[in-house]
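> Okay, sequence plus prediction incoming.
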Amino acid sequence: MQVAAILFGALFTVATATALGTLLVGKACADWPVRFVAGSGVLSFLVLLLAASGLVYPTTFAILGVAAIVACQPWHRWRSGDGARNWPTASIKNILLFVIFIVYFYIYFLRAMAPEVSPDGATYHLGLTAQYLREHGFHTITWNYYASLSQGMEMLFLFAFAFGKHSAAALVHLAFLVALVWQMWIWGARHGMAWVGVCGAALVALSPMVGVDASSAYNDVALAAVAFTLFCLLENWAEDRTAGLLPVIGILAGFGYALKYTGWVCVAYAIGFVAWKSRRVRAVAVVAGFAFLLVAPWLLKNWMWMHNPLAPFFNSYFPNPYVTIYFEEDYKSYFQIYDLASRWQIPLAATVHGGLGGILGPVFLLAPLGLAALRKPLGRQLWLAALVFGANYFSNIGTRFLIPPLPFVALAMAMAFTALPGMALAVVVLHAALCWPPVVAKLLPTGYWRLAITPWRDAFHLRDPERYFDNHLALYPVSELVEKATPPGSSVLTFKAIPDAYTSRRILVDWESAANQVAVRIFQSAAIGTHAPNGRLRFTFPARRLRAIRVNQTASGPDVWSINELRIFSSGHELPREAGWRLTAHPFPWTIQDAFDNSPVTFWSSGEVIHPGMFVQVDCGGIREADQVVLEGPGDQYGVRLELEGETADGTWERLADRPVVSDGGPYLGFRRAAAEELKRRGIDYILCFQDEAWAEDVRSNRDLWGVKAVGAAGGATLYKLP
Amino acid sequence: MPALRFFRFHNGLARPPLLQSIFVLRLVSIVLALVAAGCGSRLVWYPPPEQRPSLSLPSSLPFGYFVAMSDPNAGAYIVGGFRDQSEGAWRWTHEHPVLQFYLPRVPRLRFLMDLTFPDQTFAQTGPVEVTIHLNGREFDRVRYAKPGSQEYSKETPWEWLRPDGINTVALEPDKTAPGPDGERLGFVLTRVGFVE
């Protein structure tokens, strides 16, 4: 029954997308890949509208799917594409490649059918999908920045997930690989180079990175399929200028962005290509308009909920309380180099060693030979497209970010190889041998993402999935623990991303939002003393009558400035914080109240590394006499340089003190309990501590001081209930 | 450029190129103004929030449960046996240093101190044994066989302490070294007190 639901979910999604694509494309193009990929864009958009309207139910999806299929009248419309009229002859080399394709796709199919265990698929791709289904649509999510990424693929997953759960979603992604391979072959056949198309498709499809990605609930292969379909449609349009293709081109371009932010190049490519070829505003406007139709909802959603249309990026242009600039910079700088010592290591890491999260296969070290294709116009088009669709690569050098330009590179390689008799076949056979999963397992160290041959009993859910999870998803037991040991609606703070696609609880992962990072810092400052507010920065000055005070930060450096409490004194007595006071800070003003709540566990943070111009300001709402200002905060902000200014009774600003005197305030008693209560106050009900985490022992041995209660343990983690 | 000659007047006069039209210029101006406004640094003001119960001791007390020698108020904790002036973040002890602390009632406490035996004095004293007295009772003896910074920490049963009251701590080194002014120097204390 489960297998039937999975297959139905996936096939119904593919059929609905194909039907919508058929309605969209009409007679302009008869190729299934174009109809499926373009229709997926339409389906994704329609599901998005349903999600925005709170109408995410299997019933609405069923109605939508059936209506689309009936409307396109497949029994009348179905025709073979142009390429389909030129089936390859039954030569030995064709049969050999056909067998290789069948074997590899069977492995991918088994993998996709099995329970979803991919790192991102089992966490946010399907975690958010499952949440949308549970909640019947979108709701504001500020605690997980992944929810701010464009989610065109998740909308397709949602459609499939509603019927077949996790594996159905993975199968939908696999359908994009089928479409890509098919489209590459059609492209080759259309240019009288079917063998080039087939060999290029084989180079792509057999690649370990492509295989494992396509058979998981990811989106990279879908983006590659969109990019290549767009490339083909633009080529078709350039030849015959069929006006009906322009909306399809626009939708495909917009769908590229909707699938993944890095797909913005699809929009740029489509608009640039049409503008260059047509020199007509109307044609460009049609493409841009339809592209914008699919792009705009994601911008709007983020603007409304995250105050940043491009969240979680560009936070310096769109400051918001949900993602800090510090996090963004840190995130970007890591993904620009990973753990490599130099970018010169990328070729080997991406093809052989796997240091970038997987490998394309050693054969792609021969990619420079594909430059020989530059001798031909088609080769130049391929390389241009590869450059455009690879333009984002250096913003994240992970191997899978090479998938979108890969089809173009592979075809260029195939064009070069076919110049020598037998060369292309030899390279493909070598590629097939080197990409065979057990061979890849020997190439890649444990821990890197790679495909394993899934036993068919696991794929068809004939065995207890627990066993499969034990071998492939180490943290599944933790998700299971969370689901069993906590009541519905609970929130769990964790320092490791557990597979939240398998729990309905809200999982707050350390780095996934500014609020989570604050919660983690509160916790860690109590558990291991990191950034504990033991520092005292004391500004002392002759007693003055002041309207306001302002603490300016004047240095630049890698530190992030934070203040746990800011207190103003007069003659040794702290001025009470009156209702008429007004507080602000620059940057990150949204949490400034946390520096004035009398709690040492809460804090204001600048959210970005220090630079001159940062300040915290208190307007006292009247004239107050003061002679001392004390900042309580971490004692490890060595790069921060502060000065104090005051607004005198006559409204002029004067410098009150050039620098503070620094002292150690010592630890607070009751800090752990206060931290635990603060986390609870912030809506966190439980905290997960893994054995290998530095703070685990403190929580375990000081449960009485924390006021927490252990409610279960699994997968190396203990789940504590906060007081 | 066809793209810039998209529109024409009905009377046959050419309109200005589209990208130079008033409409486009106005649109661009509005968008730029909105972007500039969005990127501006307008201040957002907030009132003070609800005040939380204090974790610190009442400010009427001159001393608490823990002191760092960098604290301007460190003198309030010292009963005797220290150099008069602070050397910044640390202080020299003499032969019989004694401190006082106010301890609130909390579930558990550990006595903690950060101390240092400088090379110069250690060369004269050799290994030093420090006896710790809590409220007049010998709590522990610790032998320091090497110079340098040391951290001492030990769980303290409540029967040794006076909750919600003043507690004295005496730290007696068995050997001291002569100082420049004829005084006897024990060790350097940085932080001392009770933690959870």
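That came through fine.

> tell me the pLDDT at A:Leu149?
A:Leu149 is assigned 98 on the pLDDT scale.

> What is the burial count for it?
Other residues lying near A:Leu149 total 22 when counted by other C-beta atoms under 10 Å in any protein chain shown. For every residue, glycine as well, the C-beta is placed using N, CA and C.

> again with A:Ala243
Neighbour count for A:Ala243, taken as other C-beta under 10 Å: 12.

> Over to it: give its phi and psi.
Backbone torsions for A:Ala243, taken as degrees, to the nearest 10, come to phi -60, psi -30.

> now swap in B:Ser70 and tell me
Dihedral angles (degrees, to the nearest 10) for B:Ser70: phi -80, psi -10.

> Check A:Leu493 too.
phi -90, psi 130.

> gap between it and B:Asn167?
Separation of A:Leu493 from B:Asn167 (C-beta to C-beta, to the nearest Å) stands at 37 Å.

> more crowded one of those two?
More crowded of A:Leu493 and B:Asn167, by other C-beta under 10 Å: A:Leu493, with 25 against 20.

> partners of that one in the sheet?
In this entry, A:Leu493 is beta-bridged to A:Leu508, A:Ile687, by DSSP bridges.

> which residues touch it?
The neighbourhood of A:Leu493, defined by C-beta atoms under 8 Å, 6 or more residues apart in numbering or on different chains, consists of A:508, A:510, A:516, A:519-520, A:523, A:679, A:684, A:686-688.

> pLDDT added to these, as TSV?
As requested, these are exported to TSV (pLDDT from 0 to 100):
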residue	pLDDT
A:Leu508	98
A:Asp510	95
A:Asn516	98
A:Ala519	98
A:Val520	97
A:Phe523	98
A:Leu679	98
A:Ile684	98
A:Tyr686	98
A:Ile687	98
A:Leu688	98
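
> and which of those residues is nearest chain B?
Taking C-beta to the nearest C-beta as the measure, chain B lies nearest A:Leu679 of the contacts of A:Leu493, at 13.8 Å.

> burial measure for that closest one, as a count.
By the criterion of other C-beta under 10 Å, A:Leu679 has 26 neighbours.

> Flag every buried residue along whichever strand or helix holds it.
Assigned by DSSP states H and E, A:Leu679 belongs to helix A:671-681. Residues of helix A:671-681 classed as buried: A:671-680 (neighbour count, 16 or more other C-beta atoms under 10 Å in any protein chain shown).

> which two in the residues you listed are spaced the farthest apart?
The most widely separated members of these are A:Phe671 and A:Lys680, with 15.0 Å between them, by C-beta to C-beta.

> thinking again about what came up before, near chain B too, which of the buried residues of helix A:671-681?
Checking the buried residues of helix A:671-681 against chain B by C-beta under 8 Å from any C-beta of the partner chain, the ones in range are A:671-672, A:674.

> With pLDDT and distance to B:Val44 added, can I get the residues you listed in JSON lines?
Output for those, formatted as JSON lines (pLDDT from 0 to 100; distance: C-beta to C-beta, whole Å):
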{"residue": "A:Phe671", "pLDDT": "95", "distance to B:Val44": "30"}
{"residue": "A:Arg672", "pLDDT": "96", "distance to B:Val44": "33"}
{"residue": "A:Ala674", "pLDDT": "96", "distance to B:Val44": "27"}
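
> before we move on, the earlier item: tell me the one of the buried residues of helix A:671-681 nearest A:Ile403?
Closest approach between the buried residues of helix A:671-681 and A:Ile403, by C-beta to C-beta: A:Leu679, at 39.6 Å.

> roughly how far apart are that closest one and A:Val323?
With distances taken as C-beta to C-beta, A:Leu679 is found 20 Å from A:Val323.

> Check A:Ser316 too.
11 Å.

> Which one of these two is surrounded by more residues?
Remark: of A:Ser316 and A:Val323, A:Val323 carries more neighbours, 28 against 12, as counted by other C-beta under 10 Å.

> check contacts around that one.
By C-beta under 8 Å, 6+ apart, the contact list for A:Val323 reads A:145, A:148, A:306, A:308, A:311-312, A:315, A:513-514.
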